[in-house]
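J.: Below are the sequence and a predicted model; questions follow.
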Amino acid sequence: MGKLIYLPDPIKKEMQTTFKTSKVSIWKALNFKTNSHFAKMLRAAAMERGGVLYDSSKAAPGYYPDCITSFETADRTMTQRFSDRVYLIADMSSDSVAVYKDGEMIQRHLNVTLSKLSDIQSNAERMAKQLK
């Protein structure tokens, strides 16, 4: 996944009218497929209108992890396995998430919100795919 700017459809339509351009031009600019002066201007305008920049370290809107999830309700934990080598354990009693690679903890995140969790999952999934 490369960079993209997420912007709700109604705002994209407003930008089409304001900048007298096509839906395709807006899409190419917001997905960094073009890098012209006009595309840079469209990206700046999108950010001014509340756009959110997503890059390879951040999950895209609607992201759903490709993993096997299990819950230990007595321990209040969730384990997500992305491959034989990469998994995470979320501790719901402390809002922390630990990411493991080859059985060794490589990251620990504290005070994890739902949006932050999706970013952590996205990174763990990407790591698992790179290790295959």
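T.: Sure, I can see it. Residues are numbered from 1 along each chain as shown.
J.: so what strands line up beside the worst-scoring helix or strand of the chain on mean pLDDT?
T.: For the chain, using mean pLDDT, DSSP states H and E, the weakest element among its helices and strands is strand 52-54, scoring a mean of 73. Taking DSSP bridges as the criterion, strand 52-54 forms sheet pairs with strand 4-6 (antiparallel).
J.: For the strand it pairs with, give me every contacting residue.
T.: Defining contact as C-beta atoms under 8 Å, 6 or more residues apart in numbering, one finds that strand 4-6 is touched by Leu30, Asn31, Phe32, Arg43, Ala46, Met47, Gly51, Val52, Leu53, Tyr54, Ala60, Pro61. Backbone N, C-alpha and C define where each C-beta goes, glycine included.
J.: State the distance from Ser96 to Pro10.
T.: 37 Å (C-beta to C-beta, to the nearest Å).
J.: Please identify which of those two sits among more neighbours.
T.: Using other C-beta atoms under 10 Å, the more surrounded residue of Ser96 and Pro10 is Ser96, with 14 against 8.
J.: Need phi/psi at the more buried one.
T.: phi -120, psi 150 (degrees, to the nearest 10).
J.: For it, which residues are in contact?
T.: Applying C-beta under 8 Å, 6+ apart, the residues near Ser96 are Ala90, Arg108, His109, Leu110, Asn111, Val112.
J.: Most neighbours among these, which one?
T.: Highest neighbour count within these: Ala90, with 21 neighbours (other C-beta under 10 Å).
J.: That one contacts Leu114, doesn't it?
T.: No: between Ala90 and Leu114 there is no contact under C-beta atoms under 8 Å: 10.7 Å.
J.: Now do the end-to-end distance for stretch 18-37.
T.: 17 Å (C-alpha to C-alpha, to the nearest Å).
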